[in-house]
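Undergrad: Test case, fold it:
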Amino acid sequence: MTTTSSSDPLADQLMQLRLYGCLARIDEIRGETWLERVMAIEREERTRRSLVHRTHLAGVGAFKPLCDFDWAWPKTIDRAQVEDLFSLRFIAEGENVVLLGPNGVGKTTLMRILAGELTPTKGHVVWVENAQIGYMPQDPQAEFEPPCDLFTWMSQYTGKADDDQIVRATLGRLLFSGEETKK
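TA: Numbering: from 1, shown residues only. This is a model prediction of the structure:
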């Protein structure tokens, strides 16, 4: 549905909130003191319901409370940033999380634990039902063992119904062609 903006901001807001009953009687309710409050309540409730829905879709269930976190380890952790991360605000705002830090603080170790390559020294990793895990190791050489060409390596990730053309097309989208696929 394509909507065009009218020259009436109130009508635009009512249309955006789908308050069609109010829109139909806009001349009667224009200037009412309660109208702005009703629209604010409607926006807040829609934002809350949207967050609940997205959290449900993400499969985020119960989790360990922040008060149980061992702040004595590691000593260099930025508690304020961790508390912000644990608030899951990034989900509500549709953001991604990026881990940055100097060498040796445990970024790669954390990723390897989350990817299942290492066992955590405390606790355990739980993935939500709809999680899609993706991980590229710091040193990807282990991903290419035994040594093989790119075409053969990519072929191991195809489905039973896929043929060589699917692999060639995928490699082509990654800008590999001809002899480059045999490297």
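
Undergrad: What strand or helix carries the nearest residue to residue 54 once chain neighbours are set aside?
TA: Once flanking residues are discounted, residue 54 sits nearest to residue 91: 6.3 Å by CB to CB, 6 or more residues apart in numbering. From N, CA and C alone the C-beta is placed, and that goes for glycine too. Using DSSP states H and E, residue 91 sits in helix 89-92.

Undergrad: Show me which parts of that helix are buried, residue by residue.
TA: Residues of helix 89-92 include none that count as buried (16 or more other CB atoms under 10 Å).

Undergrad: and if you look at stretch 160-179?
TA: 167, 168, 171, 176.

Undergrad: what are the C-alpha coordinates of it, in CSV please?
TA: These are the backbone C-alpha positions of stretch 160-179, laid out as CSV (Å, rounded to 0.1, in the frame of the first residue of the first chain):
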residue,chain,number,x,y,z
LYS,A,160,22.1,-33.6,-2.4
ALA,A,161,20.0,-32.1,-5.1
ASP,A,162,22.7,-29.5,-6.0
ASP,A,163,24.9,-30.0,-9.0
ASP,A,164,28.3,-28.5,-10.1
GLN,A,165,26.6,-25.5,-11.7
ILE,A,166,25.3,-24.4,-8.2
VAL,A,167,28.9,-24.4,-7.0
ARG,A,168,30.2,-22.5,-10.0
ALA,A,169,27.4,-19.9,-9.7
THR,A,170,28.2,-19.4,-6.0
LEU,A,171,31.9,-19.1,-6.7
GLY,A,172,31.0,-16.6,-9.5
ARG,A,173,29.0,-14.5,-7.1
LEU,A,174,32.2,-14.4,-5.0
LEU,A,175,34.1,-13.3,-8.0
PHE,A,176,36.0,-16.6,-8.6
SER,A,177,35.9,-17.9,-12.2
GLY,A,178,37.7,-20.2,-14.5
GLU,A,179,41.1,-21.4,-13.3
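
Undergrad: same question for it, mean pLDDT?
TA: Per-residue pLDDT values across stretch 160-179 average out to 85.

Undergrad: and what of stretch 37-52?
TA: Averaged across stretch 37-52, pLDDT comes to 90.

Undergrad: contacting residues around that stretch?
TA: Contacts to stretch 37-52, defined as CB atoms under 8 Å, 6 or more residues apart in numbering, come from residues 13, 14, 17, 19, 22, 91, 92.

Undergrad: Looking at the residues you listed, which two lie furthest apart in space?
TA: Maximum pairwise distance in those, criterion CB to CB, is 31.4 Å, between 22 and 91.

Undergrad: re earlier: need the buried residues of stretch 160-179 in JSON lines (columns: distance to residue 114).
TA: Output for the buried residues of stretch 160-179, formatted as JSON lines (distance: CB to CB, whole Å):
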{"residue": "167", "distance to residue 114": "29"}
{"residue": "168", "distance to residue 114": "33"}
{"residue": "171", "distance to residue 114": "28"}
{"residue": "176", "distance to residue 114": "29"}
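
Undergrad: Sweet, I'm off.
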